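[1] Can you look at this prediction? I've put the sequence above it.
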Amino acid sequence: MDPTLFSTLVMLAVVLLFLMPSAAVTVYAERRVSAFIQNRYGPNRVGPMGLFQPFADVIKLFLKEDIIPTGANRFLYTLAPMIPVTTAVITVGVIPFSEHVYIADLNIGVLYLLAVASLSVYGVTLAGWASNSKYSLLGGLRAAAQMISYELPMGVALASVILFAGSLSVLDIVNSQDIWWNIFRNPIGFVIFTVAVFAEANRTPFDLVEAEQELVGGFHTEYSSMKFGTFFLAEYMHVVIGSMLITTFFFGGYHLPFAGYWLPEMSVLAKSILDIFVFIAKTVFWVFVFIWVRWTIPRFKYNQLMRLGWTRMLPIAILNFAVLAVILYYL
């Protein structure tokens, strides 16, 4: 079999067998970690240690009645939940799990990721508008403003990463970190990118799009049954994808610390297995950080959210890019 085709099939299997169930595992982990932080019991009824709780949730959502509001735009109302899930799945297409395990190595991989990330806002915005609900509409408008505001500093932070790799290929960016990870070479870009990923995933403290205390549930207030379940799945898939992106661009991807200095030569199979294990371990760590932050930091006010994005993060990201460009040009 052609090695390229084999690699593509392996990665497609990874998407189906890892990404989808990882959302359910993340839901369970969120409940467990939040219970630990709040000194209470987590899931402990369905299965040993509540391990089957995510499956019980899915069955419950399947059995719920699917209600469509009378004044809703039925086509867009039905289409909206599919968009965030689709964007999450196709994002994995350019993320390398190993030097030899990936779906595609695009020479414009970073542009592809930014383009796909900008599409997910359409699902949230369309859901808010098509539901014909004031709460949902406000949530959709907030989503549009929030994602536009934080895509800019995210893009500039990625541009500062490209300076070190000299390429828009995600695989080249990862391989440029075989000795020095970008978190050490570009710590300001790392902080800006991480904060922007939290905002793009609508996670606390940036969950103004849902904001149960003021918008009931935001853009998905009028959704029920598996349409709501699809939005729920998309949220946790974006947590996993965000963790993968932070790992890929700033935590060395599948590289161990300073691997270029001490890691011995290995066969392709052994190296691929080690790389995948390292990449998944780093991703799991960042999923934990997402959960940890949610149950530690309170939600921003909306004016604070906008001020942080436009008057703090964007100028700092541009300045960081300019300084790094000057230093790399002369050194």
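    Yep, it's here. Numbers count the residues shown, from 1 in each chain.

[2] which ones are touching the nearest residue to Gly217 once chain neighbours are set aside?
    Once flanking residues are discounted, Gly217 sits nearest to Glu210: 5.9 Å by Cβ to Cβ, 6 or more residues apart in numbering. Quick note: C-beta positions are derived from backbone N, CA and C, even for glycine. Listed by Cβ atoms under 8 Å, 6 or more residues apart in numbering, the contact set of Glu210 reads 139, 202, 217-220.

[3] how far away is Tyr223 from Leu208?
    Going from Tyr223 to Leu208 by Cβ to Cβ, to the nearest Å gives 18 Å.

[4] any idea which residue sits dead centre in this structure?
    Gly242 (2.3 Å; Cα atoms, centre = their mean).

[5] avg pLDDT for the helix or strand containing that one?
    Using DSSP states H and E, Gly242 sits in helix 225-250. Averaged across helix 225-250, the pLDDT comes to 89.

[6] Also stretch 178-186?
    On average, stretch 178-186 scores 90.

[7] Tell me the buried residues in that stretch?
    178, 180-183, 185-186 (16 or more other Cβ atoms under 10 Å).

[8] same check, this time on stretch 90-107
    Buried, per 16+ other Cβ under 10 Å, within stretch 90-107: 91-104, 106.

[9] tell me which element Trp292 falls in.
    Per DSSP H and E: helix 268-294 holds Trp292.

[10] what packs against that helix?
    helix 20-37, helix 225-250 (3 or more Cβ pairs under 8 Å, 6 or more residues apart in numbering; DSSP states H and E).

[11] So what's the gap between the shortest one and the chain middle?
    Pointing back at helix 20-37 there. The chain centre lies 15 Å from the centre of helix 20-37; the measure is Cα atoms, centre = their mean, to the nearest Å.

[12] quick one: average pLDDT of stretch 154-164?
    92.

[13] Might one say that Ser131 is in contact with Pro69?
    Yes - using Cβ atoms under 8 Å, Ser131 is in contact with Pro69, at 6.1 Å.

[14] of these two, who's got more company?
    Ser131 (26 against 16; other Cβ atoms under 10 Å).

[15] Tell me how many other residues crowd the closest residue to Leu245 other than its chain neighbours.
    Of all residues not flanking Leu245 in the chain, Val197 sits nearest, at 6.3 Å (Cβ to Cβ, 6+ apart). By the criterion of other Cβ under 10 Å, Val197 has 25 neighbours.

[16] Farthest-apart pair in the contacts of Glu210, please.
    Using Cβ to Cβ, the pair of those lying farthest apart is Asn202 and Gly217, separated by 12.1 Å.

[17] neighbour-wise, which of those two wins?
    Using other Cβ under 10 Å as the criterion, Asn202 and Gly217 rank with Asn202 on top: 27 against 18.

[18] Let me see the backbone angles for the more buried one.
    When read as degrees, to the nearest 10, the backbone of Asn202 gives phi 60, psi 40.

[19] got a pLDDT number for it?
    81.

[20] List the contacts of it.
    124, 143, 146, 209-210, 235, 238.

[21] out of those, which is most surrounded?
    Val124 (30 neighbours).

[22] hang on, isn't that residue packed against Arg142?
    No - applying Cβ under 8 Å as the test, Val124 and Arg142 come out as separate, 9.0 Å apart.

[23] what residues do those two have in common as contacts?
    Val209.

[24] still on that earlier bit, so what sits against both of Ser131 and Pro69?
    With Cβ under 8 Å, 6+ apart as the test, Ser131 and Pro69 both reach 77, 222.

[25] still on that earlier bit, most tightly surrounded among the helices and strands packed on helix 268-294?
    helix 225-250 (a mean of 23; mean count of other Cβ atoms under 10 Å).

[26] I'd like the contacts of Asn202 laid out as CSV, including secondary structure and distance to Asn320.
    CSV is the format used below for these (DSSP: H, G, I helix; E, B strand; the rest coil; distance: Cβ to Cβ, whole Å):
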residue, secondary structure, distance to Asn320
Val124, helix, 29
Ala143, helix, 27
Gln146, helix, 22
Val209, helix, 27
Glu210, coil, 31
Glu235, helix, 29
His238, helix, 25
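
[27] which of those residues lies closest to Gly309?
    Gln146 (7.8 Å).
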